[in-house]
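Asker: Next one to model:
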Amino acid sequence: MACDVSRPERKGICVAGNIVADVVKNIDAYPGVGMLSNIKSVSLAVGGCVPNVGIDLKTLDPGLPVMGLGRVGDDDYGRFILSQLVKSGMDVKGIMVSPSSLTSFSDVMSLPGGERTFFHARGANAEFEPSQIDLGSLDCRLLHIGYILLLDRFDAPDPEYGTVMARFLKDVQARGIRTSVDIVSDTSGKYAQTVLPALKYCDYFIANELECCQVWGLDPRGENGTLDIHTLRDAMERTLGQGVARKVIVHAPEAGLCLSRDGGFTLCPSLDIPEDMIKGSVGAGDAFCAGALTAIYREMDDMGMLEIASAAAACSLLSVSAVGGMMDFEAVYRFMRAFPRKKLTGTT
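Answerer: As a prediction, the model looks like this:
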């Protein structure tokens with residue numbers, strides 16, 4: 001049974017899950033085996049669900065209590081991430097320091113044309129598990145966790161609930177806290193066994209169009225590459241049918257979509273931002289998620305939620321970093337009014 005998010009004694013949002021340091025290295029060419037490439041510049045930024053969504057939430061609404069839950073290593077990357085979270089105003093008491101594992105990081109090799117190759121170390125994220133979270137101390141209205149398929153101990157099998165994640169979400173709901181989940185794209189074929197058990201115990205499922213369809217072996221795009229709304233809605237209905245209590249929310253470059261438990265289906269085209277304003281898209285999905293969570297927390301209707309979430313994602317495009325383009329809620333709203341929406345031609 002989903003809880004009442006409006007309970008006055010609960011405040012804020014907890015963001016749990018992956019915490020990553022992104023080390024972006026701009027190179028002149030991708031080398032073959034045994035060959036050399038020149039690194040032109042190196043930059044360090046936060047990444048993963050907790051830093052990206054959490055910092056975006058605090059930027060959108062500085063007065064919103066936001067708590068992070070996760071695990072980092074006792075190293076420079078971990079200290080850097082924690083400093084950025086504290087600087088944003090997040091509560092980091094729920095982020096533990098591992099004595100044995102390094103902070104999860106990704107070496108991002110970026111070519112001049114924008115193509116990127118990722119080398120990822122799972123690090124302390126692989127140690128993060130429900131036993132490290134004191135559910136009794138959580139005073140939030142909503143807990144968002146990501147990403148299913150990248151949290152080893154949460155993705156592990158559970159004999160009663162299917163996965164440890166499903167049991168954890170059930171326990172969170174039992175505390176009177178609504179739950180929200182995000183997943184990652186995966187080619188291992190483990191979508192059904194890892195994702196589906198968790199759906200029964202989440203209030204909100206937030207994913208991109210590929211992730212939502214991949215659960216069901218569907219393709220969200222037609223032969224010409226355009227978004228297939230009919231297929232995507234089919235995937236959303238199947239997802240809702242697995243037990244999602246309130247809403248299935250999907251974001252794509254062209255649009256945001258929401259299917260609610262009452263059967264309401266809402267489609268909102270993305271903002272049409274000039275190409276010369278776009279600096280990067282690395283944090284757009286998490287920015288959309290933060291916008292959606294902010295709207296849910298404020299009890300906005302589905303169209304209002306999709307409008308502000310898509311505008312938050314568009315703001316993210318203005319920066320090369322995952323969180324550098326975000327603005328406060330009122331500024332995002334003004335930004336939204338400054339640009340037209342995309343025309344969804346060719347969708348079916």
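
Asker: which residue ranges form the helices in this structure?
Answerer: For the chain, the helices defined by DSSP state H cover 49-60, 76-88, 164-174, 191-199, 209-214, 229-241, 284-297, 302-316, 329-337.

Asker: As CSV, these with mean neighbour count and mean pLDDT would be great.
Answerer: Bear in mind the C-beta positions are built from the backbone N, C-alpha and C, glycine included. Shown next, in CSV, are these (neighbours: other Cβ atoms under 10 Å; pLDDT from 0 to 100):
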stretch, mean neighbour count, mean pLDDT
helix 49-60, 29, 98
helix 76-88, 18, 98
helix 164-174, 21, 98
helix 191-199, 21, 92
helix 209-214, 22, 94
helix 229-241, 18, 97
helix 284-297, 27, 97
helix 302-316, 25, 98
helix 329-337, 15, 97
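
Asker: possible to save these as a markdown table with distance to residue 256?
Answerer: Below are the helices of the chain laid out as a markdown table (distance: least, Cβ to Cβ, whole Å):
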| stretch | distance to residue 256 |
| --- | --- |
| helix 49-60 | 16 |
| helix 76-88 | 24 |
| helix 164-174 | 23 |
| helix 191-199 | 20 |
| helix 209-214 | 10 |
| helix 229-241 | 11 |
| helix 284-297 | 7 |
| helix 302-316 | 4 |
| helix 329-337 | 12 |
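
Asker: Between those helices, which one is closest to residue 272.
Answerer: Closest to residue 272 of these, according to Cβ to Cβ: helix 302-316, at 9.0 Å.

Asker: before we move on, the earlier item: residue 39: which of the helices of the chain is closest?
Answerer: helix 76-88 (18.0 Å).

Asker: Show me what that closest one is in contact with.
Answerer: The contact list for helix 76-88, computed with Cβ atoms under 8 Å, 6 or more residues apart in numbering, reads 19, 21, 44, 46, 50-51, 54-55, 58-59, 68, 72, 92, 95, 97, 102-103, 105, 124.

Asker: Kindly export it (C-alpha atoms) in PDB.
Answerer: Written as PDB, here are the backbone C-alpha positions of helix 76-88 (Å, rounded to 0.1, in the frame of the first residue of the first chain):
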ATOM      1  CA  ASP A  76      40.600  11.800  -2.900                       C
ATOM      2  CA  TYR A  77      37.600  11.100  -5.200                       C
ATOM      3  CA  GLY A  78      35.400  10.300  -2.200                       C
ATOM      4  CA  ARG A  79      36.400  13.500  -0.400                       C
ATOM      5  CA  PHE A  80      35.800  15.500  -3.500                       C
ATOM      6  CA  ILE A  81      32.300  14.100  -4.000                       C
ATOM      7  CA  LEU A  82      31.400  14.700  -0.300                       C
ATOM      8  CA  SER A  83      32.700  18.300  -0.500                       C
ATOM      9  CA  GLN A  84      30.500  19.000  -3.500                       C
ATOM     10  CA  LEU A  85      27.400  17.500  -1.800                       C
ATOM     11  CA  VAL A  86      28.000  19.500   1.300                       C
ATOM     12  CA  LYS A  87      28.500  22.600  -0.700                       C
ATOM     13  CA  SER A  88      25.100  22.100  -2.400                       C
END
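
Asker: what residue ranges in the stretch 101-250 of the chain are flagged as low confidence?
Answerer: Applying pLDDT under 70 to the stretch 101-250 of the chain flags residues 114, 187-189.

Asker: try 90 this time
Answerer: 108-118, 184-192, 215, 223-224 (pLDDT under 90).

Asker: I'd assumed residue 268 was in contact with residue 303.
Answerer: Yes. Because the distance of 6.2 Å satisfies Cβ atoms under 8 Å, residue 303 is recorded as touching residue 268.
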